[in-house]
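Q: Here is my input, please return the structure:
(2 chains)
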Amino acid sequence: DTEVTQTPKHLVMGMTNKKSLKCEQHMGHRAMYWYKQKAKKPPELMFVYSYEKLSINESVPSRFSPECPNSSLLNLHLHALQPEDSALYLCASSPQGYEQFFGPGTRLTVL
Amino acid sequence: KNEVEQSPQNLTAQEGEFITINCSYSVGISALHWLQQHPGGGIVSLFMLSSGKKKHGRLIATINIQEKHSSLHITASHPRDSAVYICAVQLRTGTASKLTFGTGTRLQVTL
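A: Numbers count the residues shown, from 1 in each chain, chains lettered A, B, ... in the order given. Sure thing, here's the model as predicted:
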């Protein structure tokens, strides 16, 4: 299995909802990443997990809460989001010091 | 000034043409990545370079560490090459790597 999967593909939520994005990889990669990408812009790094521990938080608002329950799974919990949080959320994983493998993304719309 | 600059921002080519996309960066890096993103989301890693040149099919990537410059070449371009090409620099090695992205080059290859 050489891919990163993300679910759901699309998500529409209200500002009072709580939802979660899921990312999974079975390549044995010990680093996993969350990125946010607005239309026609490059991805922006949000969080990095290394060996299931949070190693980088790029000053992301607390309404985004990451979780890494095991080495294959990465979640992003969403609560009280704003319309400007609507974006494509990309997950990636990498083996030590090597290229990142990206998932297809979850397109999030906040109403 | 962005740490990673790409040119051109937009590029239109006819099928069969030789294409060059350039990337310049201003920081010390451990590696440089070329990524491809088709409309609709998913990002594919094309190359990871720390020196010299790499070739994969019709794609060639080069890097000059002293001049802090990289190029991505596409030979015999085809409409399926139409995508956004993103240069990203890796700022450290280790288990987790942080990428800084360029703004992307939007390529359209016409028949």
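Q: How about the residues of chain B by chain A?
A: B:30, B:33, B:35, B:41-45, B:48, B:86, B:88, B:93-99, B:101-104 (C-beta under 8 Å from any C-beta of the partner chain). Yep, even glycine has a C-beta here, placed from its N, CA and C like the rest.
Q: Quick check on those: which are buried?
A: Neighbour counting over the residues of chain B next to chain A (16 or more other C-beta atoms under 10 Å in any protein chain shown) leaves B:33, B:35, B:41-43, B:45, B:48, B:86, B:88, B:95-99, B:101-104 as the buried ones.
Q: Other residues contacting stretch A:43-59?
A: With C-beta atoms under 8 Å, 6 or more residues apart in numbering or on different chains as the test, stretch A:43-59 has contacts from A:30-38, A:60, A:64, A:66, A:68-71, A:74, A:76, A:90, B:43, B:94-96, B:98-99, B:101.
Q: I'd guessed residue B:97 sits against residue B:90; true?
A: Yes: applying C-beta atoms under 8 Å, one finds residue B:97 in contact with residue B:90, separated by 4.7 Å.
Q: Pull up the overlap in contacts between those two.
A: Contacts common to residue B:97 and residue B:90, judged by C-beta under 8 Å, 6+ apart, are B:30-31.
Q: Residue B:49: what's it in contact with?
A: Applying C-beta under 8 Å, 6+ apart to residue B:49 gives the contacts B:31-34, B:61-63, B:70.
Q: swap the cut-off to 7 Å and go again
A: Contact analysis of residue B:49 by C-beta atoms under 7 Å, 6 or more residues apart in numbering or on different chains lists B:31-32, B:61, B:63, B:70.
Q: Just the element for residue A:108, please.
A: Using DSSP states H and E, residue A:108 sits within strand A:106-110.
Q: can you pull the buried residues of that strand?
A: A:106-108, A:110.
Q: helices or strands up against it?
A: Judged by 3 or more C-beta pairs under 7 Å, 6 or more residues apart in numbering or on different chains; DSSP states H and E, strand A:106-110 is in contact with strand A:10-13, strand A:87-94.
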